[in-house]
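A.B. asks: Got a predicted structure plus its sequence, pasted below:
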Amino acid sequence: THFNINAYDNEPDISTTLIEGSVKISGIGQHYKKLQPGQQAKLGKYDGDIQVEDNVDTDAILAWKNGFFSFNYTDMATLLRQIERWYDIDIEYPGVLPDRKFGGKISRENNVSEILKIMEESNMRFRLENKKIIILP
């Protein structure tokens, strides 16, 4: 069995993605789902509800093992959470995040200043305060 679990504190769900074999995910009580390869289960941290998605991009999900961030139509909130975790920084966005999607692959060996340059090229403005990046609306 080969699978990936994403259970970070700053993520709204606990995600389990099955690559090979079989995994059973349990929710609240006796509620469970059995995954097939290529499926991802998202367990709601607050309600214990399990949602299963078929045919997920397993290459993007496992990119971290190969030293990459991989984004495929990724929303801004998800992208910023990954950057926060990897570089051990705080990112703040006053107000509502825009409904923007991102795609591409970035080496995790890049330092945070290189990531900030990419963000600037995507028309994102920000300011730095110690170990905090404040995204400007």
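C.D. replies: Great, that's in hand.
A.B. asks: I135 bridge partners, please.
C.D. replies: Note on I135: beta-bridge partners F126, judged by DSSP bridges.
A.B. asks: For L35, which residues are in contact?
C.D. replies: 3, 16, 18, 22-25, 41, 52 (Cβ atoms under 8 Å, 6 or more residues apart in numbering). The way it works is simple: take the backbone N, C-alpha and C, and place the C-beta from them, glycine included.
A.B. asks: I'd like to know which of the residues you listed are buried.
C.D. replies: 3, 16, 18, 23, 25, 41, 52 (16 or more other Cβ atoms under 10 Å).
A.B. asks: Just give the strands next to the helix or strand harbouring the third one in its sheet, each with its orientation.
C.D. replies: Okay, so that is L18. Secondary structure assignment for L18, by DSSP states H and E: strand 13-20. Sheet pairing of strand 13-20 (DSSP bridges) gives strand 2-6 (antiparallel), strand 40-44 (antiparallel).
A.B. asks: Tell me the secondary structure at L79.
C.D. replies: For L79, the assignment made with DSSP: H, G, I helix; E, B strand; the rest coil gives helix.
A.B. asks: My read is that it contacts S70, right?
C.D. replies: No. L79 sits out of contact with S70 when judged by Cβ atoms under 8 Å, with a separation of 10.9 Å.
A.B. asks: just to revisit the earlier point, quick one: least confident of the buried ones among the contacts of L35?
C.D. replies: Of all these, I25 carries the smallest pLDDT score, 90.
A.B. asks: hang on, that residue in a helix?
C.D. replies: No. Applying three-state DSSP, one finds I25 to be strand, outside a helix.
A.B. asks: I'd like to know which helix or strand in this protein has the lowest mean pLDDT.
C.D. replies: Counting by mean pLDDT, DSSP states H and E, the chain has its least confident helix or strand at helix 112-121, which shows a mean of 85.
A.B. asks: what does it rub up against?
C.D. replies: Residues contacting helix 112-121 (Cβ under 8 Å, 6+ apart): 83, 87, 89, 106, 126, 133.
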